[in-house]
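Novice: Need a 3D model of the sequence below.
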Amino acid sequence: MRRFPVFFWLLLAIPFIELWLLIKVGSAIGALTTILLLILSGFFGMYLLRHQGLSSLAKFQHDMQAGQRPAKSLLEGSMMLLSGLLFIIPGFFTDMLGLILLFPPTRYLLVKAVLKNGVVSASGFQYTQTSRTHGSDIEGEVIRHTDDTKNSLDRP
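Specialist: The predicted model follows:
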């Protein structure tokens, strides 16, 4: 219950931090260069979401098929996706947070801390593979009206 107010105030402060940083960086390197950097970081975030998202999904499926617990690969993939999302959000503060999540050593420390605290529980996962039967039997009743010539398509 104590974490919610801290998270709320941090979420409320981020736009003001971003605005302050944009003004400082814009006055130091110029407005056009600042806008160009923000656009490039957005494209980099989209690239991360596309490529890392697919590779983390493949690793998760591989771990599930191998019978391993996918908690670590799921957390690492989630942090990579969060990193991509942080790069897409315009601003330099969120870009720095995304950069922290992008580096493997810091990502490893965060995954280790989350797994140590038991925030993620991977018990109860079971991989099953089912196959569909390709039969053509459909249960139900058929009602045929043979004397209904008004609604037929073969009208003269």
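
Novice: Quick test: name the residue nearest the centre of the protein.
Specialist: Leu81 (5.1 Å; Cα atoms, centre = their mean).

Novice: Can you tell me the element it falls in?
Specialist: helix 71-88 (DSSP states H and E).

Novice: in the helix or strand encompassing Ser56, what's buried?
Specialist: Taking DSSP H and E as the definition, one finds Ser56 inside helix 31-65. By neighbour count on 16 or more other Cβ atoms under 10 Å, the buried set for helix 31-65 is 34, 37-38, 41, 44-45, 48-49, 52, 56, 59-60, 63-64. Any C-beta I mention is one placed from the backbone N, CA and C, and that applies to glycine too.

Novice: need the contact list for the residue nearest to the centre of the chain.
Specialist: For Leu81, the contact set (Cβ atoms under 8 Å, 6 or more residues apart in numbering) comprises 48-49, 52-53, 56.

Novice: Redo those residues as TSV? Include distance to Trp9 and pLDDT.
Specialist: Below are the contacts of Leu81 laid out as TSV (distance: Cβ to Cβ, whole Å; pLDDT from 0 to 100):
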residue	distance to Trp9	pLDDT
Leu48	28	88
Leu49	28	87
Gln52	30	81
Gly53	30	76
Ser56	31	79
